[in-house]
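# would you be able to build a 3D model of this:
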Amino acid sequence: MAEHSILIALFAPLVGAIAALPFRMRPQLAATIAIAAAAVALGASLSLIKFTATGEVLAIHVGGWSAPFGIVLVADAFSALMLVVCQLVVLAALIFGTFSLPARYHRRHLFPLILTLSLGTNGAFLTGDLFNLYVWFEVLLLSSFALMAMLRGAESRNAAWRYVVINLVSSILFLTAAGLIYGKTGTLNFAELHLRFAAAESSFLIDSSAALLFGAFGIKAALIPLAFWLPSAYPKLPPALSALFAGILTKVGLYAFYRFFGMVLTEGNSFPHREILFWVALVTMLGGVLGAVAQGDMRRILSFHIISQVGYMALALAIFTPLSLAAGIFYLAHHIIVKANLFLATGLVEKHAGSSDLAKVHGVLHSAPAIAILFAVPALSLAGLPPLSGFFAKFALLRAALTGGEWLAATMIVLVGLLTIFSMLKIWRNIFWGTPTALAETPPRPRAPLLATSSVLALLTIAIGIGCSPVLSLATQAAQGLLEPTAYLKAVLPDYAP
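Here you go, the predicted structure:
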């Protein structure tokens, strides 16, 4: 049955984590188990795409308890698409980490922790209620805390502490909001909340809960002014882990934004979340890219670009038209792959030249052309140049802004895009162009699995750009499911009659 794919996508990482746990001193075996588990989860996620692409929604009522009283797992086009791209990044991070991370990481249960993070991510995409969204958030955050705790050095540990503290604040806001919503409505099920919010008059409890969730999701998504923790934390991680974090964590926060403020909360609510999100998104776009332009290290430039690109996706939700939502969801899928690959390519540069500092490394194009190409593909896509995936994501969002008469948003999309191109050229001019840096010793050639992992993601970026129609169609179907959640309500609430 199709519903079995939901269970496989959710629990394959858990089974893999438990199976790999005893093999801390046998990292190759642990890595093989983890990679196999991630591949199984990816296969199940791909099968969910097949079932949900036409608008069908799959639901499992755990224990046979009907919603809203029982736990429900739900897969629609949006969650299926997010599952696929995030599992791709998990698989890439596992392979890259197997062949690049120091032994001390392997001895500290690296692979079970990555799979547990994957479990939390998949659970967040598949859950059908607000409380279990909180639970799955905590699962992935605890795993990320443990991975951050592996960092050495005072500066790295300070960055890890900031990451932990701000995310704990986010969790407190989230849990408080969930409690207030339950006190007002008597349920936390997304489908039931959609109906009750539509029927209820606006109240202080609902508005304050929405404001708290806005803050909680804003921290997790790294929206300015709640994004100060990200540029200090992500650059400290090894490339495989920074790719994992950069590709997935903020996007789970954005998914929560889209799911709650796009589907659950209705127009009749008086909390002006779209107006606030619109201005926050514009500030995030511009502030993130200006921060990137000011940096002198590849890792920090890319970390600030995470913030800037999150602004694009938040802007799509704020405009809130069928085209803008489809553009935002397509942007999410494209960016997860591109951003992860940029950090992997940075890892290749560091292995080759010993640093990612723009003042210390030059001429990588001449000394390692394969690495230069693997960086150029996602960099050009991030900048939005055709025919790569980033061009179609930005073009669709720009068209949505112009169609909706949002001239300020359209201007900001173009301006930030130009500044993104400038920052990517800054990296290219300093790191890849010019006379190769004299190295103390001949660098070892990058291991084939590292190049292969980055190459597959680069090819996917090209493929999504050249053959963007199926992904855009799926994103359009996902957007329609948020705007008109009738199929979702019928799948989750058996007694629902529109």
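
# what mean pLDDT does the strand or helix carrying residue 418 have?
Mapping residue 418 onto the secondary structure by DSSP states H and E places it in helix 407-427. For helix 407-427, the mean per-residue pLDDT is 93.

# which strands and helices sit next to it?
For helix 407-427, the packing partners by 3 or more C-beta pairs under 8 Å, 6 or more residues apart in numbering; DSSP states H and E come out as helix 273-293, helix 298-319, helix 369-383, helix 389-403. (Glycine included, C-beta is placed from N, CA and C.)

# past that helix, which element shows up next along the chain?
Along the chain past helix 407-427, the next helix or strand (assigned with DSSP H and E) turns out to be helix 448-466.

# on that earlier part again, which outside residues touch the helix holding residue 418?
Contacts with helix 407-427, where a contact means C-beta atoms under 8 Å, 6 or more residues apart in numbering, come from 278, 282, 285-286, 289-290, 292-293, 298, 301, 305, 308, 311-312, 315, 319, 358, 375, 379-380, 382-385, 394, 397-398, 401-402.

# now with 7 Å, please.
Contacts made with helix 407-427 from outside it, assessed by C-beta atoms under 7 Å, 6 or more residues apart in numbering, are listed as 282, 285-286, 289, 292-293, 298, 301, 305, 308, 315, 319, 358, 379, 382-384, 394, 397-398, 401-402.

# for stretch 366-379, same thing?
With C-beta under 7 Å, 6+ apart as the criterion, stretch 366-379 contacts 338, 341-342, 345, 348-349, 352, 364-365, 424, 432, 436, 446, 451, 454-455, 458, 461-462.

# repeat that with 8 Å
Counting by C-beta under 8 Å, 6+ apart, the neighbours of stretch 366-379 from elsewhere in the structure are 337-339, 341-342, 344-346, 348-349, 352-353, 364-365, 388, 424, 427-428, 432, 435-436, 446, 451, 454-455, 457-458, 461-462.

# right, and the helix or strand after the lowest-mean-pLDDT helix or strand in the chain?
For the chain, scoring each helix and strand by mean pLDDT, DSSP states H and E identifies helix 103-106 as the least confident one, at a mean of 74. Secondary structure here is assigned by DSSP H and E; on that basis, the next helix or strand after helix 103-106 toward the C-terminus is helix 110-126.

# following element in sequence after that next one, please.
helix 130-148.

# show me how far the least confident helix or strand of the chain is from its chain's centre.
Its chain's C-alpha centre lies 25 Å from the corresponding centre of helix 103-106 when counted by C-alpha atoms, centre = their mean, to the nearest Å.

# still on that earlier bit, of the contacts of helix 407-427, just the buried ones, ChimeraX syntax please.
For anyone working in ChimeraX, the buried entries among the contacts of helix 407-427, judged by 16 or more other C-beta atoms under 10 Å, can be selected with:
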select :282,285,286,289,292,293,298,301,305,308,315,319,358,379,382,383,384,394,397,398,401
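
# so what's residue 259 up against?
With contacts defined as C-beta under 8 Å, 6+ apart, residue 259 is in contact with 78, 133, 190, 482.

# oh, I was asking about residue 171
The contact partners of residue 171, by C-beta under 8 Å, 6+ apart, come to 134, 137, 138, 141, 216.

# swap in residue 183?
Taking C-beta under 8 Å, 6+ apart as the contact definition, residue 183 lies against residue 205.

# and what of residue 299?
By C-beta under 8 Å, 6+ apart, the contact set of residue 299 is 234, 235, 242, 343, 346, 356.

# could you look up the SS state of residue 25?
Under DSSP: H, G, I helix; E, B strand; the rest coil, the three-state class of residue 25 is coil.

# how many neighbours does it have?
Residue 25 has 10 neighbours, counted by other C-beta atoms under 10 Å.

# so how far is residue 103 from it?
With the distance defined as C-beta to C-beta, to the nearest Å, residue 25 ends up 10 Å from residue 103.

# also residue 118?
22 Å.

# residue 295 too?
Counting by C-beta to C-beta, the gap between residue 295 and residue 103 amounts to 31 Å.

# more crowded one of those two?
In terms of neighbours (other C-beta under 10 Å), residue 295 is the more surrounded of residue 295 and residue 103; the figures are 20 against 9.

# in space, what's closest to that one - neighbours in sequence excluded?
Counting by C-beta to C-beta, 6 or more residues apart in numbering, the nearest residue to residue 295 once its immediate chain neighbours are dropped is residue 301, at 4.6 Å.

# show me the contacts for that neighbour.
Each residue near residue 301 by C-beta under 8 Å, 6+ apart is listed here: 292, 295, 423, 426, 427.

# quick check: nearest residue in space to residue 162, chain neighbours excluded?
Counting by C-beta to C-beta, 6+ apart, the nearest residue to residue 162 once its immediate chain neighbours are dropped is residue 229, at 4.9 Å.
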